[in-house]
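# pasting the structure only:
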């Protein structure tokens, strides 16, 4: 039999459901859905009676109690759950970062006071530059005065 220009897929021909098959599967799914809904309603009623203070857990967490040291701790804490007397321990990286910042602040404070070697060198360079600029300004003033003097002499 001719199938036209394009060949069908090698996985087989299309299969269409009959109206009877559709009715059967629909009734099967509906019966399963209503049975599950009834079971869930019964479970909710029994849970309301028990009413535990435990939090809701995902998957198998509710079945097994584990103390996993690698488990990520919850970082966000509600204001009512905060314990003000408890001191939090900083991680090694956080401690090192804080120490680094404090050392930098101490260094900058000494730098401002001129007590570090680098600041002494900078101040010496600055003094030298100021002296050179003052000499250059004095020289420019002398040259300007000399030019003005020459102009006055040429006019006479």
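Looks like it came in fine. Everything numeric here is computed off the predicted structure, so don't read it as measured data.
# Need the pLDDT of residue 118.
If you check residue 118, the pLDDT there is 87.
# For it, which residues are in contact?
residue 111 (CB atoms under 8 Å, 6 or more residues apart in numbering). For the C-beta atoms, the positions are set from N, CA and C on the backbone; glycine is no exception.
# Could you look up the SS state of it?
What DSSP: H, G, I helix; E, B strand; the rest coil gives for residue 118 is helix.
# quick one: residue 143 from residue 137, how far?
Look at residue 143 and residue 137: by CB to CB, to the nearest Å, they are 11 Å apart.
# where are the low-confidence patches of the chain?
Residues of the chain that meet the criterion pLDDT under 70 lie in 1-4, 8-10, 12-13, 46-57, 59-66, 74.
# In space, not sequence, find me the middle residue of the protein.
residue 75 (13.6 Å; CA atoms, centre = their mean).
# Assign it to helix, strand or coil.
Of the three states, residue 75 takes coil under three-state DSSP.
# Distance-wise, check it relative to residue 87.
Going from residue 75 to residue 87 by CB to CB gives 17 Å.
# And for residue 101?
From residue 101 across to residue 87, the span is 20 Å (CB to CB).
# So between these two, which is more surrounded?
Under the criterion of other CB atoms under 10 Å, the comparison of residue 101 against residue 87 puts residue 101 first, with 10 against 6.
# ok, that one to residue 94 distance?
With distances taken as CB to CB, residue 101 is found 11 Å from residue 94.
# could you pull out the helices for the protein?
Listed in chain order, the helices of the chain (DSSP state H) span residues 19-50, 92-113, 117-155.
# residues contacting residue 6?
Listed by CB under 8 Å, 6+ apart, the contact set of residue 6 is empty.
# can you give me phi and psi for it?
Torsion angles at residue 6 (phi, psi; degrees, to the nearest 10) stand at phi -100, psi 140.
# please renumber so the chain begins at 569
Renumbered: residue one is now 569, and that last one reads residue 574.
# Any figure for the gap between it and residue 583?
In this structure, residue 574 lies at 19 Å from residue 583, with CB to CB as the measure.
# what does residue 657 give?
For residue 657, the distance to residue 583 equals 65 Å [CB to CB].
# One more: residue 666?
According to CB to CB, residue 666 stands 69 Å off from residue 583.
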